[in-house]
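S.K.: Kindly generate the corresponding structure for this input.
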Amino acid sequence: MNKIFCLWVFLVCPMAYADSVKDVTQATFRIENMTCKVCPITVRKAMGGVEGVTEVSMDYAHKTATVVFDATQTTVSEIANASNNAGYPAHPNREPRP
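M.R.: This next block holds a predicted model:
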């Protein structure tokens, strides 16, 4: 029984851990067409609806969105396209940061 348990611990547990590891990345976008204080809500919902996005922070005064996402599930382009499709063109400010 101990041999089976040890085999399970060394073979199965690392695979379960590997599935839960995420490549967490952050990107900041410049957002166009935000003309009122309700606009960021639409952008946040659009970007937040992309699979792999875990957090969207909006800055209406600077017309930016900062997005935290799992780079194994989505890309900067997919996040920008979600905002674009909602009517608010999004442009990455710089390369994503891990």
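
S.K.: now the closest residue to residue 89 other than its chain neighbours: how far from residue 69?
M.R.: By the measure of C-beta to C-beta, 6 or more residues apart in numbering, the closest residue to residue 89 outside its immediate chain neighbours is residue 32, 4.3 Å from it. No exception for glycine: its C-beta is placed from N, CA and C like everyone else's. Plainly put, residue 32 is 21 Å away from residue 69 if you go by C-beta to C-beta, to the nearest Å.

S.K.: These two - which one has more neighbours?
M.R.: Between residue 32 and residue 69, counted using other C-beta atoms under 10 Å, residue 69 has the larger neighbour count: 27 against 14.

S.K.: on that earlier part again, contact partners for the residue nearest to residue 89?
M.R.: 63, 88, 89, 90, 91 (C-beta atoms under 8 Å, 6 or more residues apart in numbering).

S.K.: who wins for neighbours among those?
M.R.: residue 90 (26 neighbours).

S.K.: Could I get the full set of helices for the chain?
M.R.: Secondary structure of the chain (DSSP state H): helices at 2-20, 39-48, 76-85.

S.K.: Least confident of these, on average?
M.R.: When the helices of the chain are ranked by mean pLDDT, helix 2-20 comes last with a mean of 50.
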